[in-house]
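Novice: Build me a model:
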Amino acid sequence: MKIKLHHVNFCSTDVAAMDEFYREVMDMAPEPSLNAVRAAGPGGGPGGGPGGGYSGKVAFVTDGTTQMHLAERDLGVGFRTGQAINPLERGHIAFRTDDIEAFKARLRERGIPFADYGAWAMAGWEQIFFHDPEGNVVEVHQDRTGTSA
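Specialist: Model prediction:
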């Protein structure tokens with residue numbers, strides 16, 4: 001069985017700001033297949049409420065392989081669905097680049113502070129960490145080992 005990352009869901013009080021950040025800073029594009037379903041509304045996929053998907057604001061973006069779902073924060077989902085887990089926890093998402101210096105320059109140009117960990121957690125992976133507009137931690141790293149793993 002093969003498993004690969006499909007999407008990460010971040011919750012926000014300002015979906016539009018998150019959508020702009022991931023499109024402009026991270027060079028992601030709108031995910032056409034999910035945005036078309038979203039536009040269908042109730043009964044057509046996400047957007048219909050009970051039985052029809054999530055009814056809050058949401059944007060879908062992709063790098064062409066992996067998707068991100070940027071959803072309006074809703075602390076009542078667990079209560080309304082009767083589930084013990086509300087999928088609103090925070091963590092970080094990692095992106096790989098082939099030019100970390102150029103990416104650092106992009107962040108500097110936009111006034112986005114970052115922590116430069118260098119090759120700290122993974123041998124050969126130069127890592128930086130910064131926050132998106134909602135305070136989620138984002139990692140960007142470059143693998144200098146010459147492997148693709």
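
Novice: alpha carbons only for contacts and neighbour counts from here, please
Specialist: Will do.

Novice: Could you tell me which residues make contact with His131?
Specialist: Going by Cα atoms under 8 Å, 6 or more residues apart in numbering, His131 touches 114, 137-138.

Novice: Let's see that with 7 Å instead.
Specialist: Each residue near His131 by Cα atoms under 7 Å, 6 or more residues apart in numbering is listed here: 137-138.

Novice: Show me the strands in this structure, by range?
Specialist: Under the criterion DSSP state E, the chain carries strands at the ranges 7-12, 29-30, 58-62, 67-72, 92-96, 115-118, 125-131, 137-143.

Novice: Output those as JSON lines; include the columns mean pLDDT and distance to Lys104.
Specialist: Shown next, in JSON lines, are these (pLDDT from 0 to 100; distance: least, Cα to Cα, whole Å):
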{"stretch": "strand 7-12", "mean pLDDT": "86", "distance to Lys104": "23"}
{"stretch": "strand 29-30", "mean pLDDT": "94", "distance to Lys104": "21"}
{"stretch": "strand 58-62", "mean pLDDT": "91", "distance to Lys104": "21"}
{"stretch": "strand 67-72", "mean pLDDT": "87", "distance to Lys104": "22"}
{"stretch": "strand 92-96", "mean pLDDT": "78", "distance to Lys104": "13"}
{"stretch": "strand 115-118", "mean pLDDT": "80", "distance to Lys104": "9"}
{"stretch": "strand 125-131", "mean pLDDT": "84", "distance to Lys104": "8"}
{"stretch": "strand 137-143", "mean pLDDT": "84", "distance to Lys104": "9"}
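
Novice: Could you export those to CSV, including columns for distance to Thr81?
Specialist: Output for the strands of the chain, formatted as CSV (distance: least, Cα to Cα, whole Å):
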stretch, distance to Thr81
strand 7-12, 17
strand 29-30, 29
strand 58-62, 19
strand 67-72, 17
strand 92-96, 26
strand 115-118, 39
strand 125-131, 31
strand 137-143, 28
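
Novice: To Leu107, which of the ones you listed lies closest?
Specialist: Nearest to Leu107, of all the strands of the chain, is strand 125-131, at 9.1 Å by Cα to Cα.
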